[in-house]
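Asks: have a look; sequence and predicted model below, questions after that.
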Amino acid sequence: MNRRNILYGAAAAAAGLAGASVAWWKFQPHQVVPGSAETPVVGAAGSASDAFWRLSFDTPDGKNLSMSSFRGKLLLVNFWATWCPPCVEELPLLDYFYQENRDKNLQIVGLAVDQPTAVRTWLQTKPLHFPVGMAGLGGTELSKSLGNLAGSLPFTAVFSASGELLHRKIGKVLPEDLAQWAKLV
């Protein structure tokens, strides 16, 4: 009887480990390279990517921020919130990267998945040089449509100048990520 319990326990542990491994892989950011085995992912997200370019958002100061105005540039779209510690930790890095590269064919847009008042207050103390759109809670669904299946924050999507979704990053952006993306310009 004891041996049987050990075998059942080992089988359950192996199944749990296999499931956790699949989940870990599924939610890791993956480079999407046209012509590679990952091309179907781009095709699956193609309609979401096309819809993304038709969107516009209010800015914290009430202006209109149209995503179509950024076509023709490498576009990094960062989903963030004021209540998300890793989000606010990465924003200075993204802002510095933007300032260093804005003369190139590169644009960053922050989409705040947050209350407008909280975003305005936060930006008064920590202004950003790149545009911010107010995505609100709908930003979670938008990020899911772009491949962030868990709706996690922060989340960054990178679009080519032609509008194709090239890369997704769940979690805090690192300097290595920015260096890799800068080579895409």
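Replies: That came in fine, so what should we check first? Residues are numbered from 1 along each chain as shown.
Asks: going forward, measure contacts between C-alpha atoms and count neighbours the same way
Replies: Noted.
Asks: residue contacts, the nearest residue to N105 once chain neighbours are set aside?
Replies: Closest residue to N105 apart from its sequence neighbours, by C-alpha to C-alpha, 6 or more residues apart in numbering: K73 at 5.0 Å. Contacts were defined as C-alpha atoms under 8 Å, 6 or more residues apart in numbering; by that measure K73 touches N105, L106, Q107, S160, A161, S162, V185.
Asks: tell me the most packed of the residues you listed, by neighbour count.
Replies: Neighbours were tallied for each of those (criterion: other C-alpha atoms under 10 Å), and the maximum of 24 neighbours falls on Q107.
Asks: my guess is it contacts L76. True?
Replies: Yes - under the criterion of C-alpha atoms under 8 Å, Q107 is in contact with L76, at a separation of 6.3 Å.
Asks: contacts for stretch 145-163, please.
Replies: With contact meaning C-alpha under 8 Å, 6+ apart, stretch 145-163 is reached by 27, 45, 48-50, 53, 71-81, 84, 86-87, 140-141, 143-144, 165-173, 181, 184.
Asks: same question for stretch 49-68.
Replies: Taking C-alpha under 8 Å, 6+ apart as the criterion, the residues outside stretch 49-68 that touch it are 71, 116, 119-120, 131-135, 146, 163-165.
Asks: what about burial for these, which qualify?
Replies: In these, burial by neighbour count holds for R71, P116, V119, R120, V132, G133, M134, A135, L146, G163, E164, L165, counting by 16 or more other C-alpha atoms under 10 Å.
Asks: for the first one, give its distance to E141.
Replies: Taking C-alpha to C-alpha, to the nearest Å as the criterion, R71 is separated from E141 by 22 Å.
Asks: still on that earlier bit, okay if I get the contacts of stretch 49-68 as JSON lines plus secondary structure and pLDDT?
Replies: Compiled in JSON lines, those are given as follows (DSSP: H, G, I helix; E, B strand; the rest coil; pLDDT from 0 to 100):
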{"residue": "R71", "secondary structure": "coil", "pLDDT": "94"}
{"residue": "P116", "secondary structure": "helix", "pLDDT": "96"}
{"residue": "V119", "secondary structure": "helix", "pLDDT": "97"}
{"residue": "R120", "secondary structure": "helix", "pLDDT": "97"}
{"residue": "P131", "secondary structure": "coil", "pLDDT": "98"}
{"residue": "V132", "secondary structure": "strand", "pLDDT": "98"}
{"residue": "G133", "secondary structure": "strand", "pLDDT": "98"}
{"residue": "M134", "secondary structure": "strand", "pLDDT": "98"}
{"residue": "A135", "secondary structure": "coil", "pLDDT": "97"}
{"residue": "L146", "secondary structure": "coil", "pLDDT": "94"}
{"residue": "G163", "secondary structure": "coil", "pLDDT": "94"}
{"residue": "E164", "secondary structure": "coil", "pLDDT": "94"}
{"residue": "L165", "secondary structure": "strand", "pLDDT": "95"}
